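[1] what would the 3D arrangement of this be:
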Amino acid sequence: MEIKKMQDGTGLTMEINGRLDTNAAPKLIEEINDSLVDGIESFVLDMKNCDYVASSGLRAILNAQKKMNALHGTMVVKNVINDVMEVFEMTGFADILTFE
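    Model (predicted):
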């Protein structure tokens, strides 16, 4: 998995390329912990090139949502492919995350 980060003022976008599996999730958590700091008001997780999410990946995404809640910011998950959206729906994540 590869993560591309783009910051524009108080907004941060992370684009995930590849599989968000057990091996990749710790890398995403590290990037989230390093990047979602005071001053970040909006976070976009772009998943257009992510074709698989394991439970460890779901935990990483939930970690990002919790960090943004603590910062009183917003988080949006966008460009989710159908197979991955099914995972979000089956696990209840579709009810707690904001999607575009």
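[2] average pLDDT for the longest helix seen in the chain?
    In the chain, taking DSSP state H as the definition, the longest helix is helix 55-70. Average pLDDT, helix 55-70: 96.
[3] what are the buried residues along it?
    56-58, 60-61, 63-65, 67-68 (16 or more other Cβ atoms under 10 Å). Every residue, glycine included, has its C-beta placed from N, CA and C.
[4] following it, which helix or strand comes up?
    As assigned by DSSP states H and E, the chain's next helix or strand after helix 55-70 is strand 74-78.
[5] and the angle from the helix or strand following that next one to strand 74-78?
    Using DSSP H and E, the helix or strand that follows strand 74-78 in sequence is helix 82-91. Helix 82-91 runs at 130 degrees relative to strand 74-78, counting by axes from the mean of the first three to the mean of the last three Cα atoms, to 10 degrees.
[6] list the contacts of helix 82-91.
    Contact with helix 82-91 is made by 47, 50-53, 58, 77, 80, 93-94, 97, 99, as judged by Cβ atoms under 8 Å, 6 or more residues apart in numbering.
[7] what does stretch 22-42 give?
    Residues from elsewhere that reach stretch 22-42 (Cβ under 8 Å, 6+ apart): 1, 3, 5, 10-12, 14, 16, 18, 20, 43, 54, 56-57, 59-60, 63-64, 67-68, 71, 73-76.
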